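Novice: Provide a 3D model corresponding to the input given below.
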Amino acid sequence: MESKIEVLATVTVQNSPDLYKIVDCLNRTLKKNDLMFGLALDAKDQNKAVFTIYRT
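Specialist: The predicted structure follows:
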């Protein structure tokens, strides 16, 4: 069985210390709907974060 991860959307937002809490809550709540959420610092601007929604 092969697992494919599909990127549904990506957005760059202003970084905030509490952003990870939103991503964690979304992952815990919507895992059963085959959705996964990611957060990473922008490689070019450390003041911005990249939020990504995946379908697993």
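
Novice: so for the helix or strand where residue 22 lies, mean pLDDT?
Specialist: Following DSSP states H and E, one finds residue 22 within helix 19-30. Across helix 19-30, the average pLDDT comes to 97.

Novice: report the buried residues of it.
Specialist: Of the residues in helix 19-30, those buried by neighbour count under the rule 16 or more other Cβ atoms under 10 Å are 23, 26. Using the backbone N, CA and C atoms, a C-beta is placed for each residue, glycine as well.

Novice: parallel or antiparallel, list what pairs with the following helix or strand past that helix.
Specialist: The element immediately downstream of helix 19-30 (helix or strand, assigned by DSSP H and E) is strand 35-41. If you go by DSSP bridges, strand 35-41 pairs up with strand 48-55 (antiparallel).

Novice: would you confirm that residue 19 contacts residue 13?
Specialist: Yes: assessed by Cβ atoms under 8 Å, residue 19 is found in contact with residue 13 at 7.4 Å.

Novice: now for these two: what residues contact both?
Specialist: Listed contacts common to residue 19 and residue 13 are 49, 51; contacts here mean Cβ atoms under 8 Å, 6 or more residues apart in numbering.

Novice: need the pLDDT of the most centrally placed residue in the chain.
Specialist: With distances taken as Cα atoms, centre = their mean, the residue of the chain nearest its centroid is residue 38 (2.2 Å). Predicted confidence (pLDDT) at residue 38: the value is 98.

Novice: likewise the one 10 residues further on?
Specialist: What the model reports as pLDDT for residue 48 is 98.

Novice: what helix or strand is residue 13 on?
Specialist: strand 6-14.

Novice: tell me what angle that strand forms with strand 48-55.
Specialist: Direction vectors for strand 6-14 and strand 48-55, defined by axes from the mean of the first three to the mean of the last three Cα atoms, to 10 degrees, enclose an angle of 160 degrees.
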